[in-house]
Each structure stands twice: as C-alpha cells, then as structure tokens.
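S.K.: 3D, please:
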Amino acid sequence: MSPKKTFESALKRLEEIISDLEGGDIALDDMLKNYEEGAELLKFCFSKLEKAEQVVKKLAPGEDDEFKLEPM
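M.R.: Prediction:
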C-alpha cells in the first residue's frame, strides 16, 4: 500500500519534476511522462488549496446585520 499523498509531498515531487524538465538531460519519453505526472500533481495541489480556502472562512457581519462568510 502506498503512503497517503499530501500537499507537501506532491509539491516536493512537482519541484523535482520541474528541475528535471528544466535540466533537459532526460529522454523525450521520460520528459513526457514527467510532464503528465506533474499535471496530475498540479491538479491535486490546486484541489487541496481550494478545499483549504473553504475551511479558512470567517463569519462576518454584513449588510442589514446579516452574517456572511468571507475569506480570511
């Protein structure tokens, strides 16, 4: 069983992939494979950030003394 993927581990792997791609010392097939993996990791990270943004909301008084959720 593989360990649970975290935002931090995905970000670290993305940094490794970017470094490899920028280095240009890998074969085209490996480069494409890394690019695809990076695209998936990027989607994963954006999803995690969106979920975190929803959690980090505060209840603030709005117009007419009604309360609304605002980003912190």
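
S.K.: pLDDT weak spots in the chain?
M.R.: Confidence mapping of the chain against pLDDT under 70 gives the ranges 1-3, 56-72.

S.K.: Closest to the centroid, which residue in it?
M.R.: Taking CA atoms, centre = their mean, the centroid of the chain lies closest to Cys45, which sits 1.4 Å from it.

S.K.: So that residue is in contact with Ala10, correct?
M.R.: Yes - with contact defined as CB atoms under 8 Å, Cys45 reaches Ala10; the gap is 5.4 Å. The way it works is simple: take the backbone N, C-alpha and C, and place the C-beta from them, glycine included.

S.K.: got the phi/psi numbers for the residue nearest to the centre of the chain?
M.R.: Cys45 has phi and psi values of phi -70, psi -40 when expressed as degrees, to the nearest 10.

S.K.: residues in contact with it?
M.R.: Phe7, Ala10, Leu11, Leu14 (CB atoms under 8 Å, 6 or more residues apart in numbering).
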